[in-house]
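Novice: Show me the folded form of this:
(2 chains)
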Protein chains: 2
Amino acid sequence: MSTSGAAMDPMTVAIGVPGPVDPTAGVVHAASNLPGWHEVPLRRLLESKLGCRCLVEHDATLAAIGEQRRGAGRGVANFAYITVSTGIGAGFIIHNRVYRGGTGAAGEFGHVVVAPDGPLCNCGNRGCLDAVASGLAIAREAGASSAVEVAIAAAAGDQLARAVLDAAARHLGLALGGLINLLNLEMIAVGGGVFGAGANFRDGMVSAVTQGSFERVRRQCPIERAQLGNDQGLVGAFELVMTPEKRAR
Amino acid sequence: MSTSGAAMDPMTVAIGVPGPVDPTAGVVHAASNLPGWHEVPLRRLLESKLGCRCLVEHDATLAAIGEQRRGAGRGVANFAYITVSTGIGAGFIIHNRVYRGGTGAAGEFGHVVVAPDGPLCNCGNRGCLDAVASGLAIAREAGASSAVEVAIAAAAGDQLARAVLDAAARHLGLALGGLINLLNLEMIAVGGGVFGAGANFRDGMVSAVTQGSFERVRRQCPIERAQLGNDQGLVGAFELVMTPEKRAR
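Specialist: Below you'll find the predicted structure:
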């Protein structure tokens, strides 16, 4: 992102990575959807090519920064951004500061076990939220090529498609309810394709959130639709560069 | 707790409550094991009786403060204390500060759904961790009067007792693994009666933690035995009074 400097020479570049990173060292630990990415010193590689300062961040964290500074969660001190798309992930703002965990790996909401005897997950475990409620899982369970195809079939009355979406919505809602009970957050913004899955899906999710959380804490934690769409990461990167906070944990 | 003043007149009293509180307002929202406690203005009541400043805090939060300042988690910036006793709860230190959530209700680890079609919980929901792994749940499932009785029966070869403990240990371990993946904490200290349930229980729990978390984040988050025993709350109260942090969220 160009922040200043002559002509188009960037002063700082911030990049989002779909997997856990160490933002201090600028190292990508892993990225399960980028085969071969393992302990990649991305900041060093980029800085040597670009000749400017580079920041490396988990993409869900960038999205959380964007939504909390400029989107649905403006001013919310304890906030989570959840993406429900091909996979499921989270970014956190805690105490009004970006929360990355001890080594930058926080946010693996998709790899919390929600169905101990459920289907195998790509991570090797069984019954992760990702394995029962992600776009990939929905498509696989319904024997379709994508979650969008499943949503269209469900809208047209396909019973299997409807059952698969109902089960996914229930697992997702119960997991969100658990997150609310655990952390007493003040807002959760949800992005990704989930809001395109139809009113039944959203209703099922909301019903399961209600079932899976205490009324008083749930009332204090609205679940909002993320506002920045595909620009989340860009806005987050801009905010990270332009109004940096202390990057130490 | 007497911190100074003439003779035994206390300057400040800090009290731990077994349920969610608003520490700023000093109000106990609820305490499921104290029937009739609902929105009790405990700080005001205590201050009018005692004539000194009173602080009201969730007991698991006090224990977390105690363990992070003077026990197992000394100096750990991102830390959870988990109590596994009659019920299951958590206290958090995040960014090296006490984390209470938006309104002091954070830490309901026992009321995260881990078995969506599992047994009814006292909270009215179904399949909460509390309903499958707490001391109360273990006793109920085994038809015993206490979890200690179940542990003794299991040690003596009782198959039902053993199966109940195994299932509880698995649920607890998977939930701890999910917490590790979600928050990338740097240590979890476990207290309560859980370590008295025998080596099989602990082994089962550790095995499930391994199953339910990524190896890299798990290696960065040792699960330790809490060190302060029944003094946790007392030590936490002392630390809260003597070395207060900014109490705003």
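
Novice: use CA for all of it now, contacts and neighbours both
Specialist: Will do.

Novice: do the helix or strand A:Glu39 falls within and chain B meet?
Specialist: Using DSSP states H and E, A:Glu39 sits within strand A:38-40. No. Figure legend: strand A:38-40 not in contact with chain B (CA under 8 Å from any CA of the partner chain); closest approach 11.4 Å.

Novice: got the buried residues for the lengthiest helix in chain A?
Specialist: If you go by DSSP state H, chain A has its longest helix at helix A:159-183. Residues A:161-162, A:164-183 are the ones in helix A:159-183 that count as buried (16 or more other CA atoms under 10 Å in any protein chain shown).

Novice: Leaving aside the residues adjacent along the chain, what's closest to A:Leu46?
Specialist: Nearest residue to A:Leu46, sequence neighbours excluded (CA to CA, 6 or more residues apart in numbering or on different chains): A:Cys54, at 6.7 Å.

Novice: hang on, the one you found in a strand?
Specialist: Yes. According to DSSP: H, G, I helix; E, B strand; the rest coil, A:Cys54 belongs to a strand.

Novice: Hmm, A:Leu45 and it touching each other?
Specialist: No. The criterion here is CA atoms under 8 Å, and A:Cys54 misses it with A:Leu45 at 9.5 Å.

Novice: Show me which of those two is the more surrounded one.
Specialist: Set side by side, A:Cys54 and A:Leu45 show more neighbours around A:Cys54, with 23 against 13, by other CA atoms under 10 Å in any protein chain shown.

Novice: hang on, the earlier thing: outside of whichever helix or strand comes after the longest helix of chain A, which residues touch it?
Specialist: As assigned by DSSP H and E, the chain's next helix or strand after helix A:159-183 is strand A:187-191. Outside strand A:187-191, the residues within contact range by CA atoms under 8 Å, 6 or more residues apart in numbering or on different chains are A:67, A:72-73, A:76, A:78-85, A:220-226, A:229.

Novice: returning to that earlier point: list the contacts for the residue nearest to A:Leu46?
Specialist: A:Thr12, A:Val13, A:Ala14, A:Ile15, A:Arg43, A:Leu46, A:Glu47.

Novice: same question, A:Gly66
Specialist: A:Gly66 touches A:Leu228, A:Gln232, A:Gly233, A:Leu234, A:Val235, A:Gly236, A:Ala237, A:Glu239, counting by CA under 8 Å, 6+ apart.

Novice: For it, give me phi and psi.
Specialist: With angles defined as degrees, to the nearest 10, A:Gly66 sits at phi -60, psi -50.

Novice: Buried ones among the contacts of strand A:187-191?
Specialist: Applying 16+ other CA under 10 Å to the contacts of strand A:187-191 flags A:67, A:72-73, A:76, A:78-85, A:221, A:223, A:225-226 as buried.

Novice: What ranges does chain A have for its strands?
Specialist: Secondary structure of chain A (DSSP state E): strands at A:12-17, A:21-22, A:27-30, A:38-40, A:53-58, A:79-84, A:88-94, A:97-99, A:187-191, A:223-225.

Novice: Pass me the low-pLDDT residue ranges in chain A, would you?
Specialist: By pLDDT under 70, the weakly predicted segments of chain A are A:1-8, A:32-33, A:246-249.

Novice: Swap in 50 and give it another go.
Specialist: Low-confidence segments of chain A (pLDDT under 50): A:1-2, A:5, A:247-249.

Novice: got the residues of it near chain B?
Specialist: So chain A meets chain B at A:77-78, A:94-95, A:99-109, A:111-116, A:125, A:174-175, A:177-179, A:181-186, A:211-213, A:217, A:220, A:249 (CA under 8 Å from any CA).

Novice: Compare the contacts of A:Gly66 and tell me which has the most neighbours.
Specialist: For the contacts of A:Gly66, the largest neighbour count, defined by other CA under 10 Å, is 29 neighbours, found at A:Gly236.

Novice: Kindly provide the distance from the closest residue to that residue other than its chain neighbours to B:Leu136.
Specialist: Of all residues not flanking A:Gly236 in the chain, A:Gly66 sits nearest, at 3.7 Å (CA to CA, 6+ apart). A:Gly66 sits 44 Å away from B:Leu136, going by CA to CA, to the nearest Å.

Novice: which residues touch A:Ala63?
Specialist: A:Tyr81, A:Gly91, A:Gln232, A:Gly233, A:Leu234, A:Val235, A:Gly236.

Novice: which ones are touching the closest residue to A:Glu186 other than its chain neighbours?
Specialist: Nearest residue to A:Glu186, sequence neighbours excluded (CA to CA, 6+ apart): A:Cys221, at 4.4 Å. Residues near A:Cys221 by CA under 8 Å, 6+ apart: A:Ile180, A:Asn184, A:Leu185, A:Glu186, A:Met187, A:Ile188.

Novice: Of those, which is the most crowded?
Specialist: Counting by other CA under 10 Å, top hit in the contacts of A:Cys221: A:Ile180 with 33 neighbours.

Novice: residue contacts, that one?
Specialist: Neighbours of A:Ile180 in contact, by CA under 8 Å, 6+ apart: A:Ser213, A:Val217, A:Arg218, A:Cys221.

Novice: Try it again at 7 Å.
Specialist: A:Ser213, A:Val217, A:Arg218 (CA atoms under 7 Å, 6 or more residues apart in numbering or on different chains).

Novice: Repeat that for A:Cys128.
Specialist: Contacts of A:Cys128 by CA under 7 Å, 6+ apart are A:Gly110, A:His111, A:Val112, A:Val113, A:Val114, A:Ala115, A:Cys121.

Novice: let's go with 6 Å and repeat that
Specialist: Neighbour list for A:Cys128: A:His111, A:Val112, A:Val113, A:Val114 [criterion: CA atoms under 6 Å, 6 or more residues apart in numbering or on different chains].

Novice: right, and out of the contacts of A:Cys221, which lies closest to chain B?
Specialist: Of all the contacts of A:Cys221, chain B sits closest to A:Asn184, with 4.6 Å by CA to the nearest CA.

Novice: ok, the closest one to A:Thr86 distance?
Specialist: As defined by CA to CA, A:Asn184 lies at a distance of 27 Å from A:Thr86.

Novice: Same check on A:Ala115?
Specialist: Taking CA to CA as the measure, A:Ala115 falls 19 Å from A:Thr86.

Novice: now do A:Gly192
Specialist: For A:Gly192, the distance to A:Thr86 - CA to CA - is 8 Å.

Novice: any shared contact partners between those two?
Specialist: Between them, A:Gly192 and A:Thr86 share no contacting residue, judged by CA under 6 Å, 6+ apart.

Novice: I'd assumed A:Ser134 was in contact with A:Gly87.
Specialist: Yes. At 5.1 Å, A:Gly87 and A:Ser134 qualify as touching, with contact defined as CA atoms under 6 Å.

Novice: Could you report the neighbour count for the closest residue to A:Gly91 other than its chain neighbours?
Specialist: Among residues not flanking A:Gly91 along the chain, A:Thr61 sits closest, at 4.3 Å (CA to CA, 6+ apart). A count of nearby residues for A:Thr61, using other CA under 10 Å, gives 32.

Novice: Dump stretch A:57-68 to PDB, keeping only the CA atoms.
Specialist: Output of stretch A:57-68 as PDB, limited to C-alpha atoms (Å, rounded to 0.1, in the frame of the first residue of the first chain):
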ATOM      1  CA  GLU A  57      -0.400 -10.200   9.200                       C
ATOM      2  CA  HIS A  58      -3.100 -12.900   9.300                       C
ATOM      3  CA  ASP A  59      -5.800 -12.000   6.900                       C
ATOM      4  CA  ALA A  60      -8.600 -12.500   9.400                       C
ATOM      5  CA  THR A  61      -6.700 -10.200  11.800                       C
ATOM      6  CA  LEU A  62      -6.400  -7.500   9.100                       C
ATOM      7  CA  ALA A  63     -10.100  -7.900   8.400                       C
ATOM      8  CA  ALA A  64     -10.900  -7.500  12.200                       C
ATOM      9  CA  ILE A  65      -8.700  -4.300  12.300                       C
ATOM     10  CA  GLY A  66     -10.600  -3.000   9.300                       C
ATOM     11  CA  GLU A  67     -14.000  -3.700  10.700                       C
ATOM     12  CA  GLN A  68     -13.200  -2.400  14.100                       C
END
